[in-house]
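Engineer: sequence first, predicted model second:
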Protein chains: 2
Amino acid sequence: MHRPRKEMIAETRAKLIAAARHAFGTIGYAEASMDDFTASAGLTRGALYHHFGDKKGLLQAVIAEIDAEMAARVNEVAARAPTRWQHFVDECTTYIEMALEPEIQRIMFRDGPAVLGDPAQWPNANACTASMTDHLTKLQEEGVVVPDLDPETAARLINGASSQASQRIANSDEPEATSKQVVAAFKQLLEGLKSK
Amino acid sequence: MHRPRKEMIAETRAKLIAAARHAFGTIGYAEASMDDFTASAGLTRGALYHHFGDKKGLLQAVIAEIDAEMAARVNEVAARAPTRWQHFVDECTTYIEMALEPEIQRIMFRDGPAVLGDPAQWPNANACTASMTDHLTKLQEEGVVVPDLDPETAARLINGASSQASQRIANSDEPEATSKQVVAAFKQLLEGLKSK
DNA sequence: CAATTGGCATACGTTGCGTATGTGAATAGG
DNA sequence: CCTATTCACATACGCAACGTATGCCAATTG
């Protein structure tokens, strides 16, 4: 039996990531005690250090997992939409919607950058931006978007606006009403990219 | 003599804020040992707890100080500029320039939000956004900016894009070239706010 | 079947935070 | 001018969390 061994290891890693993800997403990275959340997974810090080196390493693993999920969801929505521009806009709004989830907001937009630095430099967590950059490039080739514009730069700026958008909605007293305002303002900004 | 007493207290506060600001701005909030940076100011944690309650309280004080400085610099640049729209754009680019400083980036855009939460909810640190909101409101009244747009919401989104802009420039291999690209893309986004 | 690898736990030392308590100097009152 | 009180700040203590060093047992390899 070769499988059980490998499977147990993979399961341990998965359990640690899941427990950490929950802890980081609720009480936050700094407040999450390694003793506590490893215990909640039926393990100890020994397993954590063995697999991830340190607390930061585990955070990286959690972020990689979330990033993959986000990219999958964005690509899913990507399929339908009449025009490519509409497709691009939908992609952005989907991104904002996802960022509304407290777990994603906390890990990807607050604690992540504070602990690991500029998200643009993260190794395994740029799928969403990459996708947006792709679309912008193609829209440029089609003449929909102004030519003198670096696609990745634009994608990063839009990402920044998106995360603020989500935060504003999430912290609002009336999320519904605020959401309409925020998305409207966001789309207005995107209009600036179009050629006339 | 009533002054010496009051002055000593104010000096102590100032020394703590300065020492903390330097530590937070260089090694970061989490890594900054209260014992270390209070000692570097010739004091102990006793003084810190007396004046600021805890480490977070001191961070708030540091942030309030930086915010005031940033607002002052923005308002300074604000004076000249032919049109109000140009004035607004200059304000934004000045903001981006300021955010290039490692200390500001680290404290205001990375550690600050992680420790204290959404900057929009900070008590004494919204002078810049308030100023931008003001200008947007007036530009709307003048018909330069599209009418159906919440000014504060727009200001927040722009802030998000600005901070990303600064980070991209700061982490670039060729800051000069990148800066041109980033500012161009940023201005392009702002174009979207104008009425046609 | 013996040897070895490695996944994970246990044990220890260190560091940093928060609180409770102490002290000396400046102020206020008589 | 002398005493009492306040208050700015230091010292001392306990606790929690991290990182490392070490140990153990099961699974693999030959």
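Structural biologist: Here it is on my side, so go on.
Engineer: which single residue of chain A ends up nearest DNA strand C?
Structural biologist: DNA strand C sits closest to A:Gly46 of chain A, with a gap of 2.0 Å, by Cβ to the nearest atom of the strand. Backbone N, C-alpha and C define where each C-beta goes, glycine included.
Engineer: how much space separates that residue from A:Ala14?
Structural biologist: Using Cβ to Cβ, to the nearest Å, A:Gly46 is found at 17 Å from A:Ala14.
Engineer: and if you look at A:Ala39?
Structural biologist: A:Ala39 is 17 Å from A:Ala14, by Cβ to Cβ.
Engineer: now A:Glu174
Structural biologist: 39 Å.
Engineer: ok, those two, which is more surrounded?
Structural biologist: A:Ala14 (13 against 10; other Cβ atoms under 10 Å in any protein chain shown).
Engineer: now do the SS call for that one.
Structural biologist: Counting by DSSP: H, G, I helix; E, B strand; the rest coil, the backbone at A:Ala14 sits in helix.
Engineer: do the same with the one 4 residues further on
Structural biologist: Local secondary structure at A:Ala18 is given as helix here, using three-state DSSP.
Engineer: would you agree it is in contact with A:Ala41?
Structural biologist: Yes. With contact defined as Cβ atoms under 8 Å, A:Ala18 counts as touching A:Ala41 (7.1 Å).
Engineer: so the two - more neighbours on which side?
Structural biologist: More crowded of A:Ala18 and A:Ala41, by other Cβ under 10 Å: A:Ala41, with 19 against 15.
Engineer: quick one: average pLDDT of the helix or strand hosting A:Lys6?
Structural biologist: Assigned by DSSP states H and E, A:Lys6 belongs to helix A:3-26. Mean per-residue pLDDT for helix A:3-26: 91.
Engineer: who are the packing partners of it?
Structural biologist: helix A:34-40, helix A:45-52, helix A:55-78, helix A:102-104 (3 or more Cβ pairs under 8 Å, 6 or more residues apart in numbering or on different chains; DSSP states H and E).
Engineer: try it again with 7 Å
Structural biologist: helix A:34-40, helix A:45-52, helix A:55-78 (3 or more Cβ pairs under 7 Å, 6 or more residues apart in numbering or on different chains; DSSP states H and E).
Engineer: buried deepest among these, which one?
Structural biologist: helix A:55-78 (a mean of 18; mean count of other Cβ atoms under 10 Å in any protein chain shown).
Engineer: wait, what's in contact with the most centrally placed residue in chain A?
Structural biologist: Closest residue to the average C-alpha location of chain A: A:Asp67 at 4.8 Å, with Cα atoms, centre = their mean. With contact set as Cβ atoms under 7 Å, 6 or more residues apart in numbering or on different chains, A:Asp67 has these partners: A:124-125, A:127.
Engineer: chain B contacts on chain A?
Structural biologist: Within reach of chain B by Cβ under 7 Å from any Cβ of the partner chain, chain A has these residues: A:30, A:110-111, A:113-114, A:118, A:120-121, A:146, A:148-150, A:153-154, A:156-157, A:159-161, A:163-165, A:167-168, A:171, A:181-182, A:184-186, A:188-193.
Engineer: how about the CA coordinates for stretch A:66-73, as CSV?
Structural biologist: Written as CSV, here are the backbone C-alpha positions of stretch A:66-73 (Å, rounded to 0.1, in the frame of the first residue of the first chain):
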residue,chain,number,x,y,z
ILE,A,66,-7.9,31.2,-2.4
ASP,A,67,-6.4,32.7,-5.5
ALA,A,68,-7.0,29.6,-7.5
GLU,A,69,-10.6,29.5,-6.4
MET,A,70,-11.1,33.2,-7.3
ALA,A,71,-9.6,32.7,-10.7
ALA,A,72,-11.8,29.7,-11.3
ARG,A,73,-14.9,31.7,-10.4
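Engineer: give me the buried positions along stretch A:16-25.
Structural biologist: For stretch A:16-25, a neighbour-count test (16 or more other Cβ atoms under 10 Å in any protein chain shown) marks A:16-17, A:19-25 as buried.
Engineer: same deal with stretch A:75-92?
Structural biologist: Buried residues in stretch A:75-92 (16+ other Cβ under 10 Å): A:77, A:85, A:87-92.
Engineer: sorry, back to before: contacts made by the helix holding A:Lys6 with the rest, please.
Structural biologist: For helix A:3-26, contacts defined as Cβ under 7 Å, 6+ apart pick out A:32, A:37-38, A:40-41, A:43, A:47-48, A:51, A:58-59, A:61-62, A:65, A:102-103, A:106-107, A:111.
Engineer: contacts with DNA strand D among the residues you listed, please.
Structural biologist: On the criterion Cβ under 7 Å from any atom of the strand, A:Ala32 are the entries of those that sit beside DNA strand D.
Engineer: re earlier: among the contacts of A:Asp67, find the lowest-pLDDT one for me.
Structural biologist: Scoring the contacts of A:Asp67 by pLDDT puts A:Ala125 last, at 72.
Engineer: hang on, isn't A:Gly28 packed against A:Ile107?
Structural biologist: No. The criterion here is Cβ atoms under 7 Å, and A:Gly28 misses it with A:Ile107 at 8.9 Å.
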